[in-house]
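In: could you look at this predicted model? Sequence included:
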Amino acid sequence: MAKSEAGELQTFKADFFRALAHPLRIRILEVLHTGEYSVQELQAKLAVGQPVLSQQLGVLRSKNVLGTRKEGTSVRYFVRDPLVHDLLAVARRIFDRHLVGAQSLLRELRAEAKPKR
């Protein structure tokens with residue numbers, strides 16, 4: 001791979017991860033894992049205001065993470081690439097491992113703190 005291609009790939013990855021780098025955007029993607037939704041449906045599921053939701057949807061659309069489909073007078077959002085769901089599942093597994101590690105460390109610390117008889 002040429003040096004410029006590698007730079008383009010890293011730039012794409014950085015832009016992609018920046019698009020995901022917001023808790024609400026992650027929640028949106030998790031909801032969209034189950035299918036297409038309109039802004040109104042997403043608002044109800046996520047319990048957020050329309051301006052905030054629209055802003056976050058715009059970020060995801062601008063990075064081609066989300067696509068839209070017109071249905072009557074409403075616009076339905078969907079995740080363009082199903083691999084995004086796999087990526088979020090991997091992130092969850094990493095989180096779970098960190099949590100298990102933290103719990104193990106906490107048990108060790110508690111065991112060390114117990115008075116010896």
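Out: Nice, I can see it. Computed from a predicted model, the values in this text were never measured in an experiment. Residues are numbered from 1 along each chain as shown.

In: list the contacts for the residue nearest the centre of the chain?
Out: Central residue of the chain (CA atoms, centre = their mean): I26, 2.8 Å from the mean position. Neighbour list for I26: 20, 88 [criterion: CB atoms under 8 Å, 6 or more residues apart in numbering]. Placement of C-beta: from N, CA and C, glycine included.

In: again, only this time at 10 Å
Out: 20, 56, 88, 91 (CB atoms under 10 Å, 6 or more residues apart in numbering).

In: please, which helix or strand holds it?
Out: For I26, the host element (DSSP states H and E) is helix 23-32.

In: and the helix or strand hosting F16, what does it pack onto?
Out: Taking DSSP H and E as the definition, F16 sits inside helix 3-20. The helices and strands touching helix 3-20, judged by 3 or more CB pairs under 10 Å, 6 or more residues apart in numbering; DSSP states H and E, are helix 23-32, helix 50-62, helix 83-113.

In: what lies in contact with the very next helix or strand once past the helix holding I26?
Out: Using DSSP H and E, the next helix or strand after helix 23-32 towards the C-terminus is strand 37-38. If you take CB under 10 Å, 6+ apart as the criterion, strand 37-38 is touched by 28, 31, 43-46, 68, 71-78.
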